[in-house]
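J.: Give me a 3D structure for the following:
(one chain, ligands or ions: 5)
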Amino acid sequence: MTGFWTTCSVLLLIAWSSRADNAEIPPLSGSPWSWRCEPKGEGLYDICVRILTPENTATPALSHPACRLTCGKFGTLWPKPKSVNLGKQLSYFLPHSISHTFVASEEDTLLLTEAFKNFMKILDTYDSEYLLGKLTWKSPEPIGYHKVNINIHIEGPSKSHLGLDITDEKYALVVTTDLCSQTSTANITAKTFFGARHGLETLAQLIDYEEIEKKLMIVNSADIKDEPAFPYRGLMLDTSRNFITVEAIKRTIDTMSANKLNTFHWHITDSYTFPLALKSLPKMAYYGTYSPRQVYLPEDVKGLVEYARVRGVRVVPELDAPAHVGFGWQWGPQEGLGNLTVCVDQEPWQEFCLQPPCGQLNIANQNIYTILGKIYQEMLDMFGPLDLFHFGGDEVNVHCWNTTEEIVTYMKSKNLSLTDESYYAQWSQFQNRAYDLLTEANGQVKIPGIIWTSHLTEKGHTNRYLNKEKYIIQIWSVKTDPLIKELLDQKYRLIFSNKDAWYLDCGFSAWVGEGLNSCSPYKGWQLVYDNSPKKIALNVSTEVDFSLILGGEAPLWTEQADSLTIDGRFWPRGAALGERLWSDPDHDWRDAEYRMVNHRQRLVKRGVQADRLQPEWCHQNQGRCYRN
Ligand SMILES: *[C@@H]1O[C@H](CO)[C@@H](O)[C@H](O)[C@H]1NC(C)=O
Ligand SMILES: *[C@@H]1O[C@H](CO)[C@@H](O)[C@H](O)[C@H]1NC(C)=O
Ligand SMILES: *[C@@H]1O[C@H](CO)[C@@H](O)[C@H](O)[C@H]1NC(C)=O
Ligand SMILES: *[C@@H]1O[C@H](CO)[C@@H](O)[C@H](O)[C@H]1NC(C)=O
Ligand SMILES: *[C@@H]1O[C@H](CO)[C@@H](O)[C@H](O)[C@H]1NC(C)=O
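T.: Ligands and ions are numbered 1, 2, ... in the order given. Down below sits the predicted model:
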């Protein structure tokens with residue numbers, strides 16, 4: 001039996017064949033450089049070392065991507081799996097020799113069919129990236145290439161939408177290779193479609209393109225068991241300050257799925273624009289967009305939600321209120337509904353809000369609740385079914401309300417004092433009515449509402465103003481905020497978005513005045529990577545119930561970004577967030593750097609305009625770009 005294997009394994013050797021007798025003109029043919037995976041010893045990562053291969057050498061050598069696929073415990077996997085065992089050898093194959101079987105419910109089979117198409121598209125991107133490869137792929141299957149069978153088994157009962165249970169996203173992936181029949185088999189098992197989809201993404205990362213030999217290669221054997229550390233792993237995109245095209249949002253969701261991020265929090269509206277077209281309230285978008293083209297139609301939204309679902313991403317819509325409203329709400333008086341908003345575009349803006357244009361809902365006007373109810377209804381129709389909703393709820397400016405005659409009169413008519421506390425109580429009542437309206441629109445089914453930290457969550461406030469059964473608090477202050485301890489002690493569920501590490505809009509030039517923008521400096525990927533919600537919690541509190549920490553999210557506020565630039569803002573920093581929230585590694589960014597730089601290259605191959613982190617020389621010469 002042993003001898004048999006040896007014979008078969010001859011087929012497997014990866015060598016640069018016929019490079020020397022290739023007559024093409026350099027640099028199109030071959031390269032003098034090759035790579036060798038060198039063990040670094042206990043506790044250290046193996047690295048690929050670049051070596052100069054003499055011409056006409058028969059020494060088997062590896063191309064850079066071939067070396068990287070199996071070098072080090074985690075190869076090129078990102079985010080790194082919970083448990084992994086990678087073989088050291090590769091097989092060549094061509095995309096048309098992949099076959100697959102699905103064992104799953106009818107609905108899951110439909111989802112898997114879409115996910116599988118996406119998987120195949122990833123392999124195709126290598127084709128277009130390296131045009132030279134095309135010829136090889138279209139030619140008949142040459143000897144020495146493997147067949148690849150992919151079997152996916154979804155064991156659990158069908159679950160069509162993500163919940164907050166991490167076992168939903170668990171999967172196992174086993175790759176085995178039979179050298180005699182030249183067949184590599186990848187088996188993915190999961191409880192839900194969402195887990196199985198993650199398995200396919202991991203499998204795609206065990207495959208790369210051999211650019212010299214122009215063929216695909218797959219790691220010969222792998223045993224992976226994986227599940228996320230946190231159930232909520234998100235990116236937030238603001239589409240009000242600047243409009244972002246549906247296409248750019250789709251690109252973002254594609255890349256999220258490549259990083260096992262599962263929540264796209266869509267901050268759709270703000271005081272700037274209301275770019276959501278509503279059938280029952282068409283004037284919102286009529287008054288509320290920069291131009292009639294810059295609007296999301298209900299079918300755009302439905303399309304995006306489905307697009308995201310087959311990529312393992314839930315969309316959480318936000319309707320920010322009662323502050324951060326303005327353009328879009330102008331039509332109240334003409335319809336006989338009175339002023340729906342106050343302080344809109346009021347000057348000097350510094351007195352009424354934190355950035356121009358100002359605007360808040362008019363809490364003295366009961367008509368706002370009828371309108372909110374209609375908006376929620378339409379949002380549920382477009383986005384639903386929802387398991388989470390974002391109410392926004394940040395940055396209410398009391399001075400705005402307190403200087404609006406109608407509101408002051410209203411407060412007085414209810415015998416309310418004009419203190420901050422009194423306004424907060426009104427705000428809290430507004431919030432609870434909004435919650436009830438959402439529940440009503442949702443057929444009386446209650447879902448958790450997410451809400452940003454604000455005056456309502458200040459020390460001693462949260463318990464009074466926000467019910468912990470109803471609300472999840474999204475922390476956007478800093479990691480040393482003592483509020484984190486208070487909220488955890490009071491058993492609030494938390495999502496971390498602390499701005500000192502996870503705000504992706506920081507560090508560019510100012511957009512009002514000169515100098516740098518207000519949350520500078522830029523948050524580098526290392527800072528994003530090292531921002532550990534669990535460590536933050538343990539740093540402010542000694543006894544932490546970790547189940548309260550649902551995860552985290554990196555927001556991109558778009559004062560200074562639009563469809564052309566969001567790729568570079570999100571990536572590869574979003575990937576650093578992805579590994580923090582999926583794997584929650586014990587180590588810091590240093591142990592992830594080589595994989596990160598490699599992963600950035602992978603994202604670029606898939607068409608993402610991710611930022612460069614280092615000269616390519618560092619990528620090709622692992623371990624050489626360091627600092628003591
Ligand atoms: C992979 O799945 C196929 C089909 O379900 C099965 O026949 C085979 O035994 C599995 N292989 C491994 C290594 O689990
Ligand atoms: C509505 O707002 C406008 C402009 O701010 C103001 O002139 C008007 O008096 C307000 N209407 C009411 C009923 O307060
Ligand atoms: C407000 O207080 C006045 C005097 O104290 C009282 O007459 C009135 O009924 C109160 N109004 C409300 C709405 O409670
Ligand atoms: C609201 O305005 C009144 C009078 O103009 C003032 O006495 C009160 O302090 C103000 N309240 C707040 C919270 O600023
Ligand atoms: C822990 O708290 C200290 C003091 O507030 C702070 O300097 C440090 O950065 C914190 N570390 C983490 C991981 O939050």
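J.: okay, CA-based contacts and neighbour counts for the rest of this
T.: OK.
J.: per-residue confidence averaged over the lengthiest strand in the chain?
T.: Taking DSSP state E as the criterion, the chain has its longest strand at strand 90-103. For strand 90-103, the mean per-residue pLDDT is 91.
J.: Partner strands of that strand, with direction?
T.: In the sheet, strand 90-103 lines up against strand 146-154 (parallel), strand 215-219 (antiparallel) (DSSP bridges).
J.: Of these, which is nearest residue 559?
T.: Among the strands paired with strand 90-103, strand 215-219 comes nearest to residue 559, with 41.8 Å by Cα to Cα.
J.: Next, the buried residues of the closest one.
T.: Within strand 215-219, the residues that count as buried by 16 or more other Cα atoms under 10 Å are 215, 216, 217, 218, 219.
J.: just to revisit the earlier point, looking at the strands paired with strand 90-103, which one has the lowest mean pLDDT?
T.: For the strands paired with strand 90-103, where the average pLDDT is lowest is strand 215-219, sitting at a mean of 91.
J.: any idea which helix or strand comes after it?
T.: strand 222-226 (DSSP states H and E).
J.: Now tell me what touches that following strand from outside.
T.: Residues outside strand 222-226 that contact it (Cα atoms under 8 Å, 6 or more residues apart in numbering) are 81-87, 170-176.
J.: What pairs with that strand, parallel or antiparallel?
T.: strand 83-86 (antiparallel), strand 171-178 (antiparallel).
J.: before we move on, back to that, need the strands paired with strand 90-103 in a markdown table (columns: distance to residue 352).
T.: A markdown table is the format used below for those (distance: least, Cα to Cα, whole Å):
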| stretch | distance to residue 352 |
| --- | --- |
| strand 146-154 | 54 |
| strand 215-219 | 59 |
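J.: nearest to ligand 2, of those strands?
T.: strand 146-154 (57.7 Å; Cα to the nearest ligand atom).
J.: Which residues are in contact with the residue in the stretch 401-550 of the chain that ligand 5 sits nearest to?
T.: Ligand 5 sits closest to residue 536 of the stretch 401-550 of the chain, with a gap of 4.1 Å, by Cα to the nearest ligand atom. The contact partners of residue 536, by Cα under 8 Å, 6+ apart, come to 479, 480.
J.: In three-state terms, label it for me.
T.: helix (DSSP: H, G, I helix; E, B strand; the rest coil).
J.: Please apply the same query to residue 334.
T.: helix.
J.: any idea how far residue 275 is from it?
T.: 21 Å (Cα to Cα, to the nearest Å).
J.: Among those two, which residue is more densely surrounded?
T.: residue 275 (30 against 9; other Cα atoms under 10 Å).
J.: Am I right that the more buried one is in contact with residue 240?
T.: Yes: between residue 275 and residue 240 there is a contact at 6.8 Å, judged by Cα atoms under 8 Å.
J.: a markdown table for the strands paired with strand 90-103, including distance to ligand 2?
T.: Below are the strands paired with strand 90-103 laid out as a markdown table (distance: least, Cα to the nearest ligand atom, whole Å):
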| stretch | distance to ligand 2 |
| --- | --- |
| strand 146-154 | 58 |
| strand 215-219 | 65 |
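J.: Which among the ones you listed is found nearest to ligand 5?
T.: strand 215-219 (36.8 Å).
J.: which residues touch that closest one?
T.: So strand 215-219 is contacted by 66, 69-70, 86-95, 133, 136-137, 175, 206-210 (Cα under 8 Å, 6+ apart).
J.: 6 Å - rerun?
T.: 90, 91, 92, 93, 94, 206, 207, 208, 209, 210 (Cα atoms under 6 Å, 6 or more residues apart in numbering).
J.: And the furthest pair within the residues you listed?
T.: 94 and 206 (14.3 Å).
J.: Flag every residue of the chain that's near ligand 5.
T.: 479, 480, 535, 536, 539 (Cα under 6 Å from any ligand atom).
J.: what's the nearest residue to the second one if we skip its chain neighbours?
T.: It refers to residue 480. residue 540 (6.8 Å; Cα to Cα, 6 or more residues apart in numbering).
J.: And the pLDDT at the residue of the stretch 401-550 of the chain closest to ligand 5?
T.: 98.
J.: of all of the stretch 251-400 of the chain, which residue lies closest to ligand 5?
T.: For the stretch 251-400 of the chain, Cα to the nearest ligand atom, closest residue to ligand 5: residue 261, 22.4 Å.
J.: How is that residue assigned, secondary-structure-wise?
T.: Residue 261 - assigned by three-state DSSP - is coil.
J.: hmm, back to that, what separation do you get for the residue nearest to residue 480 and ligand 4?
T.: With distances taken as Cα to the nearest ligand atom, to the nearest Å, residue 540 is found 31 Å from ligand 4.
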